[in-house]
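Chemist: Sequence and predicted structure below; questions after.
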Amino acid sequence: IPSRLLDANENLYGPMPEVVAAMSNLEGMHIYPDPHQTYLRQDLAEYTGMNMDQIVAGVGSDEILDLLIRLVDAGSGIVTAP
């Protein structure tokens, strides 16, 4: 078994065949997604009744935690990422 970085959410077995089949008809999968998660935040705002500006989305827990630390302790000089 080749080594995998489990902390990077790598899957030893690859996607399920149903996932591969479902994604085979999608277009634009080679394009980076919207970095502001606009459509997701709009849908969540509509679903929750909140303002879109009150919703934060990210590309994983590491990014959200990094943003939170930067927001709460912006002037401390602490380096949170290598």
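Modeler: Noted; the coordinates are in hand.
Chemist: So what does the residue nearest the centre of the chain look like in phi/psi?
Modeler: Closest to where the C-alpha atoms of the chain average out (Cα atoms, centre = their mean) is V59, at 1.7 Å. Main-chain dihedrals, V59, degrees, to the nearest 10: phi -100, psi 20.
Chemist: Any figure for the gap between it and G28?
Modeler: Going from V59 to G28 by Cβ to Cβ, to the nearest Å gives 17 Å. C-beta: built from backbone N, CA, C; applies to glycine.
Chemist: Kindly report the same for L67.
Modeler: From L67 to G28 the distance is 26 Å (Cβ to Cβ).
Chemist: higher neighbour count, the two?
Modeler: Set L67 next to G28 and count neighbours by other Cβ atoms under 10 Å: L67 wins out with 13 against 7.
Chemist: OK, contacts around that one?
Modeler: The contact partners of L67, taken as Cβ atoms under 8 Å, 6 or more residues apart in numbering, are 56, 58.
Chemist: Where does it fall, secondary structure wise?
Modeler: In this assignment (DSSP states H and E), L67 forms part of helix 61-72.
Chemist: R41 now?
Modeler: helix 38-48.
Chemist: Residues contacting that helix, please?
Modeler: 50-52, 54-55, 57.
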